[in-house]
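Peer 1: everything below, folded, please.
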Amino acid sequence: TTAETIAVHRLPDGATYLNISQEEFDVRVAAVKNIGLGTGCKNPDAKPGHEGATCDSPDCFNCPNVFLIAEPENVAALQLWRGSLLQVEGDWIRDHPDRWELKYLPWLTFIEVVEEEMQQPNLIDIWDKASILANEISNHQGYRPYRPMS
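Peer 2: Residues are numbered from 1 along each chain as shown. Predicted coordinates for the structure are as follows:
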């Protein structure tokens with residue numbers, strides 16, 4: 001299943017662990033789409049209401065196909081996205097309040113829930129490593145944050 005693949009995708013012997021061929025494992029891994037904001041999609045062709053059409057929307061916060069692998073790189077991407085959203089929040093509330101509420105406020109809520117869940121003892125180290133990584137990325141000379149689009 002997709003959940004199994006996600007759980008073992010970084011193991012060197014992931015295919016063996018799942019008792020499938022390396023080819024089948026590679027196909028499963030390729031089918032899991034990283035959307036670039038820290039989250040991934042279990043099935044880009046099964047967005048509710050758009051089944052059969054490949055989804056290219058980053059509005060995953062309420063989709064049943066969204067997943068988050070709690071690794072520093074993914075969590076750092078979410079932290080950076082939150083920073084971008086918070087930086088423009090006031091302007092968006094003033095200029096595009098309906099779009100903000102529909103599209104970007106749910107992302108902030110999603111990220112807050114992730115942060116709250118990651119305060120558990122078994123996850124806090126990942127959150128902290130992600131914070132360090134996000135800081136390094138944002139301080140890089142060539143860094144250009146993803147921005148909300150109207």
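Peer 1: does residue 70 count as helix, strand or coil?
Peer 2: The three-state assignment at residue 70 reads coil, by DSSP: H, G, I helix; E, B strand; the rest coil.
Peer 1: for it, give me its contacts.
Peer 2: 118, 123, 126 (Cβ atoms under 8 Å, 6 or more residues apart in numbering). Just so you know, the C-beta spots here come from the backbone N, C-alpha and C atoms, and that holds for glycine as well.
Peer 1: would you check that the last one makes contact with residue 74?
Peer 2: No - counting by Cβ atoms under 8 Å, residue 126 stays clear of residue 74, with 9.2 Å between them.
Peer 1: more neighbours: those two, which one.
Peer 2: Under the neighbour definition other Cβ atoms under 10 Å, residue 126 and residue 74 were set side by side, and residue 74 has more, 20 against 16.
Peer 1: how much space between that one and residue 93?
Peer 2: Shown here: residue 74 relative to residue 93, a distance of 28 Å by Cβ to Cβ, to the nearest Å.
Peer 1: wait, residue 69 touches residue 40, no?
Peer 2: Yes - with contacts counted by Cβ under 8 Å, residue 69 reaches residue 40, the gap being 7.0 Å.
Peer 1: out of these two, which sits in the busier spot?
Peer 2: A side-by-side neighbour count of residue 69 and residue 40, using other Cβ under 10 Å, places residue 40 first with 21 against 16.
Peer 1: that one and residue 63 touch, don't they?
Peer 2: No - counting by Cβ under 8 Å, residue 40 stays clear of residue 63, with 10.9 Å between them.
Peer 1: and residue 140, how many residues sit next to it?
Peer 2: 9.
Peer 1: what does residue 138 give?
Peer 2: 14.
Peer 1: Provide the secondary structure category for the closest residue to it other than its chain neighbours.
Peer 2: Nearest residue to residue 138 in three dimensions, chain neighbours excluded: residue 80, at 6.3 Å (Cβ to Cβ, 6 or more residues apart in numbering). Secondary structure assignment for residue 80 (three-state DSSP): helix.
Peer 1: any regions of the protein where pLDDT drops low?
Peer 2: 1-11, 28-38, 56-61 (pLDDT under 70).
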